[in-house]
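[1] What follows is a predicted structure for the sequence shown.
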Amino acid sequence: MTVHVGAQAPHPNLFQGIWHLADPKITLASVASMVLATGLAAHDGELAWGWLAVTVLGIFAFEAAKNASGEIVDWNSGTDRALQPAERTPFSGGKRVIVDGLLTPRQTAFVAAAFYALGILAGLAIVIWREPAALWFGLAGTALAFFYHAPPLKLSYRGWGEAAVALAYGPLIACGTYLVQRHTLTPALVLATVPLGLAVMAFLWINEFPDARADAQAGKRTLVVRLGLPAAARAYALLVAVTYGWLLLLPLAGLPPTIWLGLAGLPHAVAAARRLLRHAQTPAELVPAQTWTLLAFLLLAVGSAAGMLLARALGMLWLGA
């Protein structure tokens, strides 16, 4: 990854820059995946809280590292600099730590390296002292985090970023977190993580609309850019339908019907789809829809996890009776 340092930030602020790179709004996707995994694991047994804390630390570190390394790639490509003020929203446009002068490119690269190192250390602790098979999840997660922006893969620039997000925030993080707790995986568990991955993908999808013009100008060919805004808005509605249709089918895989509590996110997702279909080309009008999409995946995760805990509680009551 090349770091161009010709344009230095006028007033660097390291701590504020790091805070932006650890953006709580984006980190919520990881939180949602770990919440779902914790609910699934708690349904099947007692939790190892210490190892859950190590897992959380490692995943948060990789989140911040991905954001930092991505900032450098987006700075070099010019996509963040090409955004106009009217196209910015609280949920899109990157972290802008270099563009807004919080960090220099060199500082951003240092922050990325430090967070990748912290994430790798947490992962190695899990592999050595808890669950060796977690190595493969760690390797896959590291690769997706780095190559989401960075060459030679540049997944987000070549129309693969959306699929990478669905994989990472659905099966990868959730199954990896579950594996650390239970030391095993089942097909039903993997299927249970897919709706959340799709719901987080929908959050990325809607956030790409305000960036579409600048992305296209910089050669960042996201699926929204490739499809065009009207078709991409219709695809978003289809994505919502697939997400919650999949959730409805999960009891057929042996999961308890209480997992349908994840349908709590559906009204927000539908409202977001309707607004997007009306205002796909007006970034300022999309902020409520972006917020609703965020709430949708959070409620899906929390509701599904609560449903699994409820199923365990009902099962214990049944056995006790």
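    Perfect, thanks for sending it.

[2] Tally up the residues packed near Pro132, please.
    By other Cβ atoms under 10 Å, the residues close to Pro132 number 11. Quick note: C-beta positions are derived from backbone N, CA and C, even for glycine.

[3] so what's the backbone phi/psi at it?
    With angles defined as degrees, to the nearest 10, Pro132 sits at phi -60, psi -30.

[4] Next, the closest residue to Thr193 other than its chain neighbours: secondary structure please.
    Of all residues not flanking Thr193 in the chain, Ala174 sits nearest, at 4.0 Å (Cβ to Cβ, 6 or more residues apart in numbering). Look at Ala174: counting by DSSP: H, G, I helix; E, B strand; the rest coil, its state is helix.

[5] burial of Ala174, as a residue count?
    Ala174, neighbours per other Cβ under 10 Å, totals 30.

[6] which ones are touching it?
    33-34, 36-37, 40, 192-193, 196 (Cβ atoms under 8 Å, 6 or more residues apart in numbering).

[7] thinking Leu179 is in contact with Glu131, fair?
    Yes. Counting by Cβ atoms under 8 Å, Leu179 touches Glu131, with 5.8 Å between them.

[8] In which helix or strand does the residue nearest to the spatial centre of the chain reside?
    The C-alpha lying nearest the average C-alpha coordinate of the chain belongs to Ala29 (Cα atoms, centre = their mean; 4.1 Å). Applying DSSP states H and E as the criterion places Ala29 in helix 24-44.

[9] helices or strands up against that helix?
    helix 49-77, helix 173-182, helix 187-218, helix 283-320 (3 or more Cβ pairs under 8 Å, 6 or more residues apart in numbering; DSSP states H and E).

[10] Please identify the deepest-packed of the ones you listed.
    helix 173-182 (a mean of 25; mean count of other Cβ atoms under 10 Å).

[11] how about it as CSV, C-alpha atoms only?
    Presented in CSV, the C-alpha positions along helix 173-182 are these (Å, rounded to 0.1, in the frame of the first residue of the first chain):
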residue,chain,number,x,y,z
ILE,A,173,-17.3,-12.6,12.7
ALA,A,174,-20.4,-14.3,14.1
CYS,A,175,-19.1,-17.9,13.5
GLY,A,176,-15.6,-17.0,14.6
THR,A,177,-17.0,-15.5,17.9
TYR,A,178,-19.2,-18.6,18.4
LEU,A,179,-16.3,-21.0,17.7
VAL,A,180,-14.2,-19.3,20.4
GLN,A,181,-17.0,-20.0,22.8
ARG,A,182,-18.2,-23.5,21.8
